[in-house]
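Colleague: Structure of the sequence below:
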Amino acid sequence: MPVSEAPYTRKYQHTKTRGRESTVDCGFCGRKVPRYKTFTVTRGFRITDRTILQQMDRKNIHVFRQKVYACPSCARFRGIVRKGKTRRKKHMK
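Modeller: Numbers count the residues shown, from 1 in each chain. You can find the predicted model right below:
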């Protein structure tokens, strides 16, 4: 029987060949995790109300974007990444 495949492959690729890798703080739980194990998420906000956009000048609107790192457990919990293991079908007679 065919085994269902995961929607992605989690590849931890090291950035350095030797030595200690740089650690970053998780943006959700605050845990220190090596950077190669984290998932990057961009945070920010958008103004969707058209009346506000028409009234204000576009040059005066500053929308911020922030790059946040998520540890594997927070990424799984918040739905950024799905679970790594596949569910295998039970053996049918």
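Colleague: what's the helix or strand of the chain with the lowest mean pLDDT in contact with?
Modeller: Every helix and strand of the chain was ranked by mean pLDDT, DSSP states H and E. The lowest is helix 50-55, at a mean of 77. Residues from elsewhere that reach helix 50-55 (C-beta atoms under 8 Å, 6 or more residues apart in numbering): 47, 61. To be clear about C-beta, it is placed using only N, CA and C from the backbone, and glycine gets the same treatment.
Colleague: Tell me the first helix or strand C-terminal of the helix or strand containing Tyr69.
Modeller: Remark: Tyr69 resides in strand 65-70, with elements defined by DSSP states H and E. As assigned by DSSP H and E, the chain's next helix or strand after strand 65-70 is helix 72-77.
Colleague: Restrict that next one to CA atoms and write it as PDB.
Modeller: The C-alpha trace of helix 72-77 is given here as PDB (Å, rounded to 0.1, in the frame of the first residue of the first chain):
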ATOM      1  CA  PRO A  72      10.100  23.900  16.000                       C
ATOM      2  CA  SER A  73       7.600  23.300  18.800                       C
ATOM      3  CA  CYS A  74       6.100  26.800  18.500                       C
ATOM      4  CA  ALA A  75       6.000  26.500  14.700                       C
ATOM      5  CA  ARG A  76       4.100  23.200  15.000                       C
ATOM      6  CA  PHE A  77       1.700  24.600  17.700                       C
END
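Colleague: how about that helix: buried residues?
Modeller: Within helix 72-77, the residues that count as buried by 16 or more other C-beta atoms under 10 Å are 72, 74-75.
Colleague: Including pLDDT and distance to Val33, could those residues go into a markdown table?
Modeller: Shown next, in a markdown table, are those (pLDDT from 0 to 100; distance: C-beta to C-beta, whole Å):
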| residue | pLDDT | distance to Val33 |
| --- | --- | --- |
| Pro72 | 89 | 8 |
| Cys74 | 91 | 9 |
| Ala75 | 89 | 10 |
